[in-house]
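Trainee: With the sequence up front, the predicted model follows.
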Amino acid sequence: MVKNTSKEISSTASQKSEPSSSEKELQKKYMQFQILRQQLGAMIQEKANMENKISELNMTIVAVKKLDEIKEGEEMWSTLGSGAFVRSNILDKNKTIVDIGLGIFAKKNLEDTKNILHDRLEEISRVFDELSSEIMNMEKQLGMLENDMQSLSAKINE
């Protein structure tokens with residue numbers, strides 16, 4: 001009888017040293033969960049950055065539209081960036097310098113500047129919407145993985 005008991009203990013000990021297929025599956029799902037969670041965090045940060053860029057573009061579009069109301073030679077406050085402004089005179093409101101992409105700036109008339117800014121806003125908004133959709137899908141995947149892990153954990157603990 002003692003022999004059978006020692007064989008059972010030995011068999012049980014060997015089972016605990018090697019993870020079961022359910023435990024391996026749980027580990028695999030947990031790794032997937034962690035990777036997806038990190039990716040989701042990066043995507044959420046990128047979405048926040050895009051929200052800031054969209055807000056900045058909207059403010060710039062409003063400011064450019066207001067140039068139509070300003071007379072040449074009129075004084076106004078011009079932004080220097082980071083919340084700093086300088087008093088300035090508008091010499092020619094129809095000539096602007098605008099970033100046309102890749103850090104390249106070009107002289108443009110006011111109408112072209114408006115169009116460039118609107119196009120940029122539309123593109124960023126489109127990408128923002130796509131990113132929002134990807135985030136929702138990833139959140140669903142994380143939820144399903146979490147449910148799978150809970151089920152596997154319950155199965156292992158039976």
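Mentor: Cool, got the structure.
Trainee: Identify the residues contacting Met76.
Mentor: Met76 makes contact with 70, 87-90, according to C-beta atoms under 8 Å, 6 or more residues apart in numbering. All C-beta atoms are positioned from the backbone trio N, CA, C, and that covers glycine.
Trainee: Work out the sheet partners of whatever helix or strand it lives in and label each with its direction, please.
Mentor: In the assignment (DSSP states H and E), Met76 maps to strand 75-81. Counting by DSSP bridges, the strands paired with strand 75-81 are strand 84-89 (antiparallel).
Trainee: Give me the residues contacting the strand it pairs with.
Mentor: Outside strand 84-89, the residues that reach it (C-beta under 8 Å, 6+ apart) are 73-80.
Trainee: What is the nearest of the residues you listed to Asp119?
Mentor: Lowest distance from Asp119 to the contacts of strand 84-89 (C-beta to C-beta) belongs to Thr79, with 21.8 Å.
Trainee: Give me the distance between that closest one and Val127.
Mentor: Noted for Thr79: a distance of 25 Å to Val127, by C-beta to C-beta, to the nearest Å.
Trainee: Same check on Glu69?
Mentor: From Glu69 over to Val127 (counting by C-beta to C-beta), the distance is 32 Å.
Trainee: who's more crowded, the two?
Mentor: Val127 (14 against 8; other C-beta atoms under 10 Å).
Trainee: Could you report the pLDDT at the more buried one?
Mentor: pLDDT, Val127: 98.
Trainee: For the protein, just list every one of the strands.
Mentor: With DSSP state E as the criterion, the chain has strands at 75-81, 84-89, 95-101, 104-109.
Trainee: How far off centre is the first one?
Mentor: Read that as strand 75-81. 31 Å (C-alpha atoms, centre = their mean, to the nearest Å).
Trainee: one step back: closest one to Lys65 among the strands of the chain?
Mentor: strand 95-101 (12.5 Å).
Trainee: List the buried residues for the closest one?
Mentor: Neighbour-count burial for strand 95-101 flags 96, 98 (criterion: 16 or more other C-beta atoms under 10 Å).
Trainee: Tell me how many other residues crowd Arg120.
Mentor: 19.
Trainee: Tell me the spacing between Glu158 and Leu102.
Mentor: Separation of Glu158 from Leu102 (C-beta to C-beta) stands at 59 Å.
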